[in-house]
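Q: Pasting a predicted model and its sequence here:
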2 protein chains.
Amino acid sequence: MHATTFLKEKIHAAFHNSSYRFEPQELYEPIAYSLSQGGKRIRPILTLMACDLFEGDIDLAIPPAIGVEIFHNFTLLHDDIMDRAPLRRGMETVYKKWDANRAILSGDTMLVMAYESISQVPLQYLPFVLTVFNDTARKVCEGQQYDLNFETLSFVTIPDYLNMIRLKTAVLIACCLKVGAIMANAPIAESEKMYQFGENLGIAFQLQDDYLDVFGNSAKFGKEIGGDIGSNKKTFLYIKAFELATGSLKHELTRLFDLRSHDTEEKVSRVKEIYQQLNLDTLAGEQIAYYLNKATCFLDLVKVNETSKKALRELTKEMLHRER
Amino acid sequence: MHATTFLKEKIHAAFHNSSYRFEPQELYEPIAYSLSQGGKRIRPILTLMACDLFEGDIDLAIPPAIGVEIFHNFTLLHDDIMDRAPLRRGMETVYKKWDANRAILSGDTMLVMAYESISQVPLQYLPFVLTVFNDTARKVCEGQQYDLNFETLSFVTIPDYLNMIRLKTAVLIACCLKVGAIMANAPIAESEKMYQFGENLGIAFQLQDDYLDVFGNSAKFGKEIGGDIGSNKKTFLYIKAFELATGSLKHELTRLFDLRSHDTEEKVSRVKEIYQQLNLDTLAGEQIAYYLNKATCFLDLVKVNETSKKALRELTKEMLHRER
């Protein structure tokens, strides 16, 4: 077993030592910008940790780990165009810093680079890794489409929402863990448990993201607080609020979400109050705990000794308690 | 050897029998629209013909052939957003019929679907096919970026231009042919000749496209005639015209390309006259012939019997004499 800090350093070094300075620079500059920003690199670290859990050679797992991280960054570039997001990790988005065309094309190139990295795995792993990655990549696109659909739907249920975040966010976490297990020759049943662990962890992680968007701390969160409220995004909190609110409270919520951008600040603070009045911070916390517990159950079932699971349990905790 | 009509039918049937009716329909509707429009399916047919040339099992080559065609259609979806193109193959573009977000996300999904299809090749071919496909996909993105760069560059040379179309268009034709050869276990030297054949054929094909945009027939060409002139696109003809024109003719060209869209018709017809005055139709024809000849030389060198090459030679002729 390797220490988590060692695995993190491995990933950070792999990105640090990669050059994205190719021609034409107009294409690769946004890619270098995106990939050098860092973020926590949670996904590739999960891949290495899963590989390590089954006593695999983590160096073999680095190329697919890098691949999933590049893929993740590709989705951010394209999502930010579609969502017209100005800020990401406290920095200007590629779409905003350059333009939509650059973000489209650099994103496309990153998707290809993700496949290039994944294609480097030894032949005996290649079809298995490609299968899970292809399936995941497709689902992530489907999830983003559901998310876009929600913008114009007047009625979205909690199950609709959970399915959307499962596709858009959770399956990639699941993929990272499964790929790591595959690279360590883990039995299929075990790599499947890792997938389930990741999927539930991913749902908890996204619910937490929704929570932090309203109740988090801007500086630590790296995004504008209340961004989801300002853009009327149908998150867990939004959907649950309309489910629970009645009478004058419901009227006020409707009125607030009909307001246009000129009074965002007032809107955010008033919606937040209503969310608290409806006890949504607690409810969201319970929902997060539910999926975190489900995730943990799958990890519990994985047939390796308990000591080896410690690092993953700690990272899970770290992921879920970022800024609460 | 199989008849070309048989190979064409194989490809058309493969697309015809594929369903793209998945959920969410907002994502898959543009994909079905794009992939069911057809077009000539030249790329996948080239893959099957190359496989057939080396006496391979063409059924094995169908998945990667479908993959390159889906990839090609993905590039069209995204290019049409970037170029704001309203029309493609005589039909509304996805970007125009729906919107940019749908075209971005459906395009992304198609790129993943292209990889899914390519991933179906038997394991012994997989790394070779992935290597050439990854390399090609990256180059196609680079080519598109150069093309976008040209929009704002005041000076583009013919070599710059030829390199751009090599990347944006020709390498995919080359990839199709090489992949077909790989799937038939052709020796590396032979598959490399097929690649060179394809790359030069692709350049000739794109030069022909530039030519047809000005001197072609709208109904047969499936695009608006003079579209490149109207949008000041730096094609072979444009660059060559500024290279050759002097004095008042150069002034007039500059004036015409400074005009805005309200007088497109006059602009197109006057530019076309100047192109003819500068003998550009002949010059373009010579340039096309040069690359076509170069392509043919590589095909000549391929070590299979001459009779087997007949189908490819005919398709080449068909590709290059579409509407002239």
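A: Looks like it arrived, so ask away. Values in this document were obtained by computation on a predicted structure and should not be read as measured data. Numbering: from 1, shown residues only, chains lettered A, B, ... in the order given.
Q: For the rest of this, base every contact and every neighbour count on C-alpha atoms.
A: Will do.
Q: can you count the residues close to residue A:217?
A: Burial of residue A:217, expressed as a neighbour count using other C-alpha atoms under 10 Å in any protein chain shown, amounts to 15.
Q: Relative to residue A:225, how far out is it?
A: In this structure, residue A:217 lies at 7 Å from residue A:225, with C-alpha to C-alpha, to the nearest Å as the measure.
Q: Get me the contact residues on the stretch 1-150 of chain A for chain B.
A: Taking C-alpha under 8 Å from any C-alpha of the partner chain as the test, the list of the stretch 1-150 of chain A residues beside chain B reads A:23-24, A:26-27, A:78, A:81-82, A:101, A:104-105, A:108-109, A:112-113, A:115-116, A:119, A:123, A:127, A:130-131, A:134, A:137-138, A:141-142, A:145-146, A:149.
Q: In space, what's closest to residue A:21 - neighbours in sequence excluded?
A: Once its chain neighbours are removed from consideration, residue A:21 has its nearest residue in residue A:28; the separation is 6.2 Å (C-alpha to C-alpha, 6 or more residues apart in numbering or on different chains).
Q: what about the one you found, distance to residue A:83?
A: For residue A:28, the distance to residue A:83 under the criterion C-alpha to C-alpha works out to 22 Å.
Q: re earlier: contacts only, for the residue nearest to residue A:21.
A: When contacts are counted by C-alpha atoms under 8 Å, 6 or more residues apart in numbering or on different chains, residue A:28 touches A:20-22, A:106.
Q: Which residue would be the closest one in the stretch 151-300 of chain A to chain B?
A: For the stretch 151-300 of chain A, the residue closest to chain B is residue A:164, as judged by C-alpha to the nearest C-alpha, at 10.6 Å.
Q: what's the spacing between that residue and residue A:171?
A: Taken as C-alpha to C-alpha, the spacing of residue A:164 relative to residue A:171 amounts to 10 Å.
Q: So these two - more neighbours on which side?
A: Neighbours per residue, other C-alpha under 10 Å: of residue A:164 and residue A:171, the larger number sits with residue A:171, 28 against 22.
Q: quick check, that one in a helix?
A: Yes - secondary structure assignment places residue A:171 in a helix (DSSP: H, G, I helix; E, B strand; the rest coil).
Q: My read is that it contacts residue A:198, right?
A: Yes - using C-alpha atoms under 8 Å as the test, residue A:171 is close enough to residue A:198 to be in contact (7.3 Å).
Q: List the buried residues for the host helix or strand of residue A:202?
A: Taking DSSP states H and E as the definition, one finds residue A:202 inside helix A:188-215. Along helix A:188-215, these residues count as buried under the neighbour rule (16 or more other C-alpha atoms under 10 Å in any protein chain shown): A:190-215.
Q: before we move on, what about stretch A:229-241?
A: With the criterion 16+ other C-alpha under 10 Å, stretch A:229-241 contains buried residues A:229-230, A:232-241.
Q: ditto for stretch A:270-282
A: Buried residues in stretch A:270-282, counted by 16+ other C-alpha under 10 Å: A:271-272, A:274-275, A:278, A:280-281.
Q: where does chain A dip in pLDDT?
A: The model of chain A has pLDDT under 70 over residues A:218-224, A:260-262, A:322-324.
Q: tell me the centre residue of it?
A: Nearest to the centroid of the C-alpha atoms of chain A, with distances taken as C-alpha atoms, centre = their mean, sits residue A:169, at 4.6 Å.
Q: residue contacts, that one?
A: Residue A:169 makes contacts with A:140, A:143, A:202-203, A:206, as judged by C-alpha under 8 Å, 6+ apart.
Q: Can you show me the strands along the stretch 1-150 of chain A?
A: Defined through DSSP state E, counting those that start in this stretch, the strands belonging to the stretch 1-150 of chain A, from first to last, are A:87-88, A:91-92.
Q: Residue A:16 contacts residue A:36, correct?
A: Yes - counting by C-alpha under 8 Å, residue A:16 does reach residue A:36; the two are 7.3 Å apart.
Q: Secondary structure element for the residue nearest to residue A:230 when sequence neighbours are not counted, which one?
A: Nearest non-adjacent residue to residue A:230, counting by C-alpha to C-alpha, 6+ apart: residue A:264, 5.7 Å away. In this structure, residue A:264 sits in helix A:264-277 according to DSSP H and E.
Q: just the angle between that helix and helix A:188-215, please?
A: Going by axes from the mean of the first three to the mean of the last three C-alpha atoms, to 10 degrees, helix A:264-277 is angled at 120 degrees with respect to helix A:188-215.
Q: just so I have it, where are all the helices in the stretch 201-324 of chain A?
A: Chain-ordered helices for the stretch 201-324 of chain A, with DSSP state H, counting those that start in this stretch as the definition, fall at A:218-221, A:227-230, A:236-244, A:247-258, A:264-277, A:280-301, A:306-320.
Q: Distance to residue A:51 for those helices - can I get that in a markdown table?
A: Conversion of the helices of the stretch 201-324 of chain A to a markdown table gives the following (distance: least, C-alpha to C-alpha, whole Å):
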| stretch | distance to residue A:51 |
| --- | --- |
| helix A:218-221 | 29 |
| helix A:227-230 | 36 |
| helix A:236-244 | 33 |
| helix A:247-258 | 46 |
| helix A:264-277 | 41 |
| helix A:280-301 | 14 |
| helix A:306-320 | 11 |
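Q: right, so of those, which gets closest to residue A:67?
A: Evaluated over the helices of the stretch 201-324 of chain A, closeness to residue A:67 peaks at helix A:306-320, with 20.4 Å, by C-alpha to C-alpha.
Q: What helices and strands are in contact with that closest one?
A: helix A:42-53, helix A:188-215 (3 or more C-alpha pairs under 8 Å, 6 or more residues apart in numbering or on different chains; DSSP states H and E).
Q: Make TSV from those helices and add distance to residue B:319 to it.
A: Listed next are these as TSV, based on distance: least, C-alpha to C-alpha, whole Å:
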stretch	distance to residue B:319
helix A:42-53	46
helix A:188-215	48
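Q: Out of those, flag the one nearest residue B:310.
A: Nearest to residue B:310 among the helices and strands packed on helix A:306-320 is helix A:188-215 (49.3 Å), distances taken as C-alpha to C-alpha.
Q: how close does the closest residue to residue A:172 other than its chain neighbours get to residue B:114?
A: Across the structure, with C-alpha to C-alpha, 6+ apart as the measure, the residue nearest residue A:172 apart from its sequence neighbours is residue A:136 (6.1 Å). For residue A:136, the distance to residue B:114 equals 14 Å [C-alpha to C-alpha].
Q: can you check residue A:318 too?
A: Plainly put, residue A:318 is 37 Å away from residue B:114 if you go by C-alpha to C-alpha.
Q: Who has more neighbours out of those two?
A: The neighbour count for residue A:318 versus residue B:114, taken as other C-alpha under 10 Å, is higher for residue B:114 (25 against 11).
Q: quick revisit: which strands and helices lie in contact with the helix holding residue A:264?
A: Under the contact definition 3+ C-alpha pairs under 8 Å, 6+ apart, helix A:264-277 sits against helix A:227-230, helix A:247-258.
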